[in-house]
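Participant: Turn this into a model:
(one chain, ligands or ions: 1)
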Amino acid sequence: MTCAIVTGGASNIGWAIARRFAATHRVLIADLHEPAAALPQGAAFSRTDITDPLACAAMVDRARTLGPIAAVVHSAAITAPPTPIEHLPVDEWRRVVEVNLTGAFLVARAAIPALRETRGAMVLVSSRAARVGYAALDASPDGTKAHYCATKAAVISLVRSLAVELAPAHVRVNGLAPGSIEGTMIPKERWATLAARIPLGRLGRPEEIAEAAWFLCSDAASYVTGHILDANGGTWMN
Ligand SMILES: NC(=O)c1ccc[n+]([C@@H]2O[C@H](COP(=O)([O-])OP(=O)(O)OC[C@H]3O[C@@H](n4cnc5c(N)ncnc54)[C@H](O)[C@@H]3O)[C@@H](O)[C@H]2O)c1
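Facilitator: Below is the predicted model of the structure:
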């Protein structure tokens, strides 16, 4: 059986992705902390800080012990409360760039040699926020989370660069741009208000994002590369 690496796999969307891939792969969950629940059958955990190049290399080495690495889904990221750009602390900006953008680069860079061997697939998780420039259904006077949006937009560009560079090696690279998804990134007290504004009438479930990630890595998507799959209930359409 081949192996799938899921970064950010200890929580919410990443956890759902890890459980989905566990049906077809040996899964390595790479995260700062262990999942709260028991690991899926055949899965393993690697404590990994994706901002650390050596930790990313160790993550790939560990995954190789589970099987040839055929899929990498990068879901790890952070967000921060909205603050108007003119008051946004520089340290906070740098931290979000470090985790969300540099982390995506480091994970991808570390995984490329293994994916070349298997002609595998990679998915980087972006966000609807990247499409619109604000991390909510409406731009708020409290701020847009400009650092979050900018890094998620950069992830889309990184997907395209990776897709072009790796296409000759038959490695496919795609992105996934979820809309508002149930979980702790969006405070629960806001869910009902948001749901009323979403054409499908509800927030997305982590399992629905997991299905999209699984599809993009599967042979069903064998001619799909450099694509950004929007899974947002109809709140933004390309
Ligand atoms: N929840 C949403 O509504 C939503 C919407 C659009 C996009 N997304 C994106 O989906 C992905 C997952 O979101 P989620 O709701 O599951 O978030 P979450 O906060 O529940 O999970 C993120 C995981 O990433 C891990 N992580 C953070 N920094 C890390 C680091 N330096 N090294 C390793 N792991 C690290 C965290 O420990 C956590 O387990 C993120 O990329 C997020 O930007 C989420």
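Participant: In contact with residue 139: list those residues for me.
Facilitator: residue 133 (CB atoms under 8 Å, 6 or more residues apart in numbering). C-beta coordinates here come from the backbone N, C-alpha and C atoms, glycine included.
Participant: Please report the distance of it from residue 196.
Facilitator: 18 Å (CB to CB, to the nearest Å).
Participant: cool, and residue 125?
Facilitator: Distance from residue 125 to residue 196, counting by CB to CB: 26 Å.
Participant: between these two, who's got more neighbours?
Facilitator: A side-by-side neighbour count of residue 125 and residue 196, using other CB atoms under 10 Å, places residue 125 first with 25 against 10.
Participant: residues in contact with the residue nearest to the more buried one when sequence neighbours are not counted?
Facilitator: With CB to CB, 6 or more residues apart in numbering as the criterion, residue 125 has its nearest non-adjacent residue at 4.6 Å, and that residue is residue 75. By CB under 8 Å, 6+ apart, the contact set of residue 75 is 6-9, 13-14, 17, 125, 213.
Participant: how about the strands in the protein?
Facilitator: Using DSSP state E, the strands of the chain run over 3-7, 26-31, 44-47, 69-74, 121-125, 172-178, 228-231.
Participant: Can you convert these into TSV and add a column each for mean pLDDT and distance to residue 200?
Facilitator: TSV is the format used below for those (pLDDT from 0 to 100; distance: least, CB to CB, whole Å):
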stretch	mean pLDDT	distance to residue 200
strand 3-7	99	25
strand 26-31	99	29
strand 44-47	98	34
strand 69-74	99	23
strand 121-125	99	20
strand 172-178	99	13
strand 228-231	98	10
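Participant: How far does stretch 114-124 sit from its chain's centre?
Facilitator: 15 Å (CA atoms, centre = their mean, to the nearest Å).
Participant: what about it, near the ligand?
Facilitator: No - judged by CB under 6 Å from any ligand atom, stretch 114-124 stays clear of the ligand, getting no closer than 8.4 Å.
Participant: what's the first-to-last distance across that stretch?
Facilitator: 16 Å (CA to CA, to the nearest Å).
Participant: For that stretch, which residues meet the burial criterion?
Facilitator: Across stretch 114-124, burial judged by 16 or more other CB atoms under 10 Å covers 114-115, 118, 120-124.
Participant: Stretch 82-98 too?
Facilitator: By 16+ other CB under 10 Å, the buried positions in stretch 82-98 come out as 82-83, 88, 93, 96-97.
Participant: which among those gets closest to residue 191?
Facilitator: residue 82 (17.2 Å; CB to CB).
Participant: Restricting to the contacts of residue 75, which residues neighbour the ligand?
Facilitator: When contact is defined as CB under 6 Å from any ligand atom, those meet the ligand at 7-8, 13-14, 125.
Participant: Who wins on neighbours among these?
Facilitator: If you count neighbours using other CB under 10 Å, the busiest of the ones next to the ligand among the contacts of residue 75 is residue 7, which has 30 neighbours.
Participant: Would you agree that one is in contact with residue 51?
Facilitator: No - in terms of CB atoms under 8 Å, residue 7 does not count as a neighbour of residue 51; the distance is 11.2 Å.
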